[in-house]
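[1] pasted the sequence and its predicted model underneath.
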Amino acid sequence: MFLDFDGDGVYTSYDKHWVESGVPVTIDVYVVTDRDDPWGSLATCPDGTAPDLSAYTVNLYSVLDAVSFISVTNQMPGMSEQIPLVTYPYALTVGYGGSQRFPPGKHHLLRITAEFSGCPGLSIVPASCYSPPGVVTSFESSCPGLRSDYVLRAGEDWLPAEGIYGCTDYPGRAPSIECPGAISGSEGQPLTFPVTLTDPDCEIFSFYIFGMPQGAAFTGLSAFQAGRASGAVSWTPSFGQAGTHSIVFNASDYPSQYAQRDECTTQVTISPSSAVPIAEAGGPYTGVEGVPLTFNGTGSHDPNGDPLQFSWSFGDGAVGAGSTPTHIYASGGTFTAVLAVADPGGLSDQDSAAVSVVHDYPALLFTAGGNETTRLPRGRPTTCFHIEPASGSSFTADEIVPSSVALRYDDPECGELIVYPEPMKSITIGDTDRNGVPEYEACFSRDAMATVALCLPAGTSSVPLEFYGSLVDGDQFHGQITHTIILGKGSLAASISPNPLSPNSALEFTTGSPGFVTVRLFDVRGRLVATLLDERSVPAGPHRMPLIGTDRALGRLAPGVYFVKVSTERDGTETRALTILKW
């Protein structure tokens with residue numbers, strides 16, 4: 001296959017070198033299937049015969065300066081366009097085919113009118129970086145070819161003749177960069193702009209970027225397609241980056257005596273931003289009617305770092321201020337709390353949070369059947385309390401959730417003590433006081449009541465106990481009762497000294513009979529923290545046990561009040577409070 005520039009239908013040295021630039025010229029494309037040079041190497045069939053022709057595809061490529069393809073016309077009778085014509089300043093691709101088979105020989109394929117600029121240069125190539133994917137210069141034949149698909153391809157089954165080269169000392173083709181001259185943006189707002197690199201050779205030696213601001217990123221150049229590769233700069237300027245930033249893009253071809261490079265500069269101007277503050281109302285919130293509920297808007301922030309003013313609307317007509325206000329809902333229900341924040345410049349934002357407030361119904365408590373008094377350390381194994389709805393409370397005893405029932409005592413010395421009733425196989429509902437209102441029975445073990453009495457003095461004490469719990473619909477109940485606890489003086493004479501805890505603190509107690517002894521540490525909620533001693537046989541007599549050396553965990557406990565419980569086989573149980581300060 002060859003190019004003919006002088007119209008004589010043959011390939012000569014004139015076709016190689018003597019082509020004018022700046023004026024339209026006619027180029028004919030021929031393929032010769034039955035002869036060898038100077039038209040390129042010959043493709044032959046396996047039986048040695050020359051191939052026929054039924055379709056063809058041509059890729060042209062300029063290795064020198066650009067060429068403008070003015071017209072392209074098929075010269076083979078009966079053939080129609082099968083591969084659409086594609087032209088670029090440096091390349092052309094087109095393909096034709098039909099049902100007719102043309103015998104071996106010389107065939108006039110195309111007539112092209114084109115105009116060259118600068119140094120003319122054009123060649124038939126198997127494919128170029130401008131060619132559509134998979135499209136190769138070739139012709140179809142009844143010969144199977146190298147791939148046995150009856151397509152004879154340039155570069156595999158045959159070689160085309162040389163093209164034209166209008167310059168002998170060509171300096172090469174420099175890459176070209178396109179970038180916007182100026183871009184503007186503002187702090188805190190994302191911006192992006194494209195960068196396009198054009199190179200007729202579809203490859204470069206180097207690509208550099210200078211002056212990229214902190215936080216900016218370049219996606220990287222894509223693969224070349226039709227001589228072009230592209231990328232993009234993305235940047236969200238931070239606050240404090242206002243000003244003008246010059247970003248320089250530089251590309252070069254392989255080093256030579258010629259300066260084959262290009263440079264493009266984008267001026268990015270960033271203006272200071274008055275960003276809108278962001279409100280974060282927190283939540284969702286769950287509270288109890290009549291009990292203070294704390295809201296938290298500390299997640300709100302101003303991108304500029306300016307101080308914010310907080311305004312709350314709690315959804316029940318009440319309002320508040322500050323980042324962490326408290327509010328008491330007078331009744332249960334579902335509400336929407338709205339937080340509005342504003343910066344000194346008057347810019348503002350709002351956020352809302354759902355609030356669910358449960359009803360807290362009053363309950364009556366009483367004891368009966370010998371449960372009016374709790375005796376410790378010996379006495380009844382359980383103390384039972386009866387809970388019934390107070391007048392006007394719209395709940396029934398069978399709506400109480402057993403696992404939620406708790407007893408709380410605020411001890412003046414030890415603080416809040418919370419215990420839970422014994423698990424029951426079935427709920428006990430009755431009408432012990434015969435007032436026609438069924439009540440719920442909650443029974444607490446001797447150990448649970450001992451926890452309540454941890455810090456009570458020996459003798460008789462009347463203590464206010466608070467009961468609370470949940471109902472099946474999510475609401476709550478609460479009630480109080482004054483209960484009598486008689487605390488006997490233990491025979492163990494247990495004591496802790498020094499107290500608060502120090503490295504020298506020790507527990508001392510006396511047993512009157514041999515037997516097992518356990519010493520356990522509990523928190524104020526009655527939860528086991530550590531077992532300090534568990535001996536199956538301890539002789540009678542006085543005992544002294546250093547606390548720090550017994551369990552290293554004591555030195556790592558959070559500050560607060562704890563309880564040391566001494567249990568013996570024959571001398572009963574005693575509990576002493578232990579205070580731990582910050583080490």
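    Here it is on my side, so go on. Here the structure is a predicted model, which is why all the values come from computation and not from measurement. Residues are numbered from 1 along each chain as shown.

[2] going forward, measure contacts and count neighbours with C-alpha atoms only.
    Noted.

[3] where does the prediction get shaky in the stretch 201-350 of the chain?
    Within the stretch 201-350 of the chain, the stretches with pLDDT under 70 are 255-259.

[4] pLDDT on stretch 147-164, on average?
    Across stretch 147-164, pLDDT averages out at 88.

[5] got it, and stretch 76-96?
    According to the model, stretch 76-96 has a mean pLDDT of 96.

[6] any idea how far it is from the middle of the chain?
    Stretch 76-96 has its C-alpha centroid displaced from the chain centroid by 50 Å (CA atoms, centre = their mean, to the nearest Å).

[7] what about that stretch, how long is it end to end?
    Taking CA to CA, to the nearest Å, the span from the opening residue of stretch 76-96 to its closing residue is 8 Å.

[8] any chance you could list what contacts it?
    Counting contacts by CA atoms under 8 Å, 6 or more residues apart in numbering, the residues outside stretch 76-96 that touch it are 55-63, 65-69, 74, 97-100, 107-110, 128, 130-132, 200, 226.

[9] may I see the PyMOL selection of the buried members of those residues?
    The following PyMOL selection, which keeps only the buried ones among the contacts of stretch 76-96, applies the criterion 16 or more other CA atoms under 10 Å:
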select buried, resi 55+56+57+58+59+60+61+62+63+65+66+67+68+69+74+97+98+107+108+109+110+128+130+131+132+200+226
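
[10] show me the contacts of stretch 76-96 that map onto strands.
    Mapping these onto strands (DSSP state E) picks out 55-61, 67-69, 74, 97-100, 107-110.

[11] any idea where the helices of the stretch 451-583 of the chain begin and end?
    For the stretch 451-583 of the chain, applying DSSP state H, counting those that start in this stretch gives no helices.

[12] residue boundaries of the strands in it?
    Assigned strands in the stretch 451-583 of the chain, in chain order: 459-470, 476-487, 495-497, 506-511, 515-522, 528-538, 541-546, 560-568, 573-580 (criterion: DSSP state E, counting those that start in this stretch).

[13] list the buried ones in the last one?
    Translated: strand 573-580. Thr573, Glu574, Thr575, Arg576, Ala577, Leu578, Ile580.

[14] TSV for those, including pLDDT and distance to Asp47?
    Written out in TSV, the entries for those read as follows (pLDDT from 0 to 100; distance: CA to CA, whole Å):
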residue	pLDDT	distance to Asp47
Thr573	82	112
Glu574	84	113
Thr575	84	110
Arg576	86	111
Ala577	87	109
Leu578	89	107
Ile580	88	103
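
[15] return the member of those residues nearest to Glu140.
    Distances from Glu140 to those, taken as CA to CA, are shortest for Ile580 (95.1 Å).

[16] does the closest one touch Phe563 like I think?
    No: the pair Ile580 / Phe563 is not scored as a contact, 10.6 Å apart, by CA atoms under 8 Å.

[17] what do these two both touch?
    Shared contacts of Ile580 and Phe563, counting by CA under 8 Å, 6+ apart, come down to nothing at all.

[18] domain assignment for the chain?
    With automatic domain parsing as the criterion, the domains of the chain are listed as 2-165, 176-271, 285-357, 360-487, 495-580.

[19] now find how far off-centre the fourth one is within its chain.
    What it means is domain 360-487. The gap between where domain 360-487 is centred and where its chain is centred comes out at 48 Å by CA atoms, centre = their mean.

[20] repeat that for the longest one.
    Remark: domain 2-165 is offset 55 Å from the chain centroid, using CA atoms, centre = their mean.

[21] span of it from start to end?
    14 Å.

[22] and the second one, by the same measure?
    By CA to CA, the extent of domain 176-271 from end to end equals 30 Å.

[23] now do stretch 230-250
    Distance across stretch 230-250, first residue to last, is 14 Å (CA to CA).

[24] again, but for stretch 421-437
    Where stretch 421-437 starts and where it finishes are 22 Å apart, if you go by CA to CA.

[25] pull out the buried residues from it.
    If you call a residue buried by 16+ other CA under 10 Å, then stretch 421-437 has these buried ones: Pro421, Ile429, Gly430, Thr432.

[26] of all the residues you listed, which comes closest to Asp8?
    Within the set of the buried residues of stretch 421-437, Pro421 lies nearest Asp8; the separation is 113.0 Å, counting by CA to CA.

[27] not counting sequence-adjacent ones, nearest residue to that closest one?
    Excluding its sequence neighbours, the residue lying closest to Pro421 (CA to CA, 6 or more residues apart in numbering) is Phe444, at 4.4 Å.

[28] how about Leu471?
    For Leu471, the closest residue by CA to CA, 6+ apart turns out to be Ile400, at 4.6 Å.

[29] ok, that neighbour - how many residues close by?
    Per other CA atoms under 10 Å, the neighbour tally for Ile400 reads 24.

[30] can you check Gly282 too?
    If you count neighbours by other CA under 10 Å, Gly282 ends up with 18.

[31] so how far is Ser352 from it?
    From Gly282 over to Ser352 (counting by CA to CA), the distance is 8 Å.

[32] for the closest residue to Thr518 other than its chain neighbours, what are its contacts?
    Spatially, and ignoring its direct neighbours in sequence, Thr518 is nearest to Asp534 (4.4 Å; CA to CA, 6+ apart). Residues in contact with Asp534 (CA under 8 Å, 6+ apart) are Phe516, Val517, Thr518, Val519.

[33] farthest pair within those residues?
    The most widely separated members of those, counting by CA to CA, are Phe516 and Val519 (10.4 Å).

[34] so for these two, which residue has more residues nearby?
    Relative neighbour count places Val519 above the other of Phe516 and Val519, with 20 against 15, counting by other CA under 10 Å.

[35] pull the contacting residues for that one.
    Here Val519 is in contact with Thr531, Leu532, Leu533, Asp534, Val564, Lys565, Val566, Ser567 (criterion: CA under 8 Å, 6+ apart).

[36] how close does the closest residue to Pro237 other than its chain neighbours get to Phe210?
    On the basis of CA to CA, 6+ apart, the spatially nearest residue to Pro237 that is not a chain neighbour turns out to be Glu187, at 4.9 Å. To Phe210, Glu187 is 21 Å away according to CA to CA.

[37] the more surrounded of these two?
    More crowded of Glu187 and Phe210, by other CA under 10 Å: Glu187, with 22 against 11.

[38] quick one: contacts for that one?
    By CA under 8 Å, 6+ apart, the residues touching Glu187 are Thr236, Pro237, Ser238, Phe239, Gly240, Gln241, Ala242, Ile270, Ser271, Pro272, Ser273.

[39] what's across from Ala337 in the sheet?
    Ala353 (DSSP bridges).

[40] low-confidence ranges, the stretch 451-583 of the chain, go.
    Within the stretch 451-583 of the chain, the segments meeting pLDDT under 70 span 489-490, 549-555, 583.

[41] break down the stretch 101-250 of the chain into its strands, ranges please.
    Shown for the stretch 101-250 of the chain, the strands assigned by DSSP E, counting those that start in this stretch span residues 106-116, 121-124, 138-140, 151-153, 164-165, 176-178, 182-186, 191-198, 206-210, 217-218, 228-235, 243-252.

[42] of those strands, which approaches Phe310 most closely?
    With CA to CA, the closest approach to Phe310 among the strands of the stretch 101-250 of the chain belongs to strand 182-186: 26.6 Å.

[43] what's the mean pLDDT across the helix or strand hosting Thr383?
    Secondary structure assigned from DSSP states H and E places Thr383 in strand 382-389. Regarding strand 382-389, the rounded mean pLDDT is 95.

[44] between the following helix or strand past it and strand 476-487, how big is the angle?
    Sequence-wise, the next helix or strand beyond strand 382-389 is strand 406-411, with elements assigned using DSSP H and E. The directions of strand 406-411 and strand 476-487 differ by 60 degrees, with axes from the mean of the first three to the mean of the last three CA atoms, to 10 degrees as the criterion.
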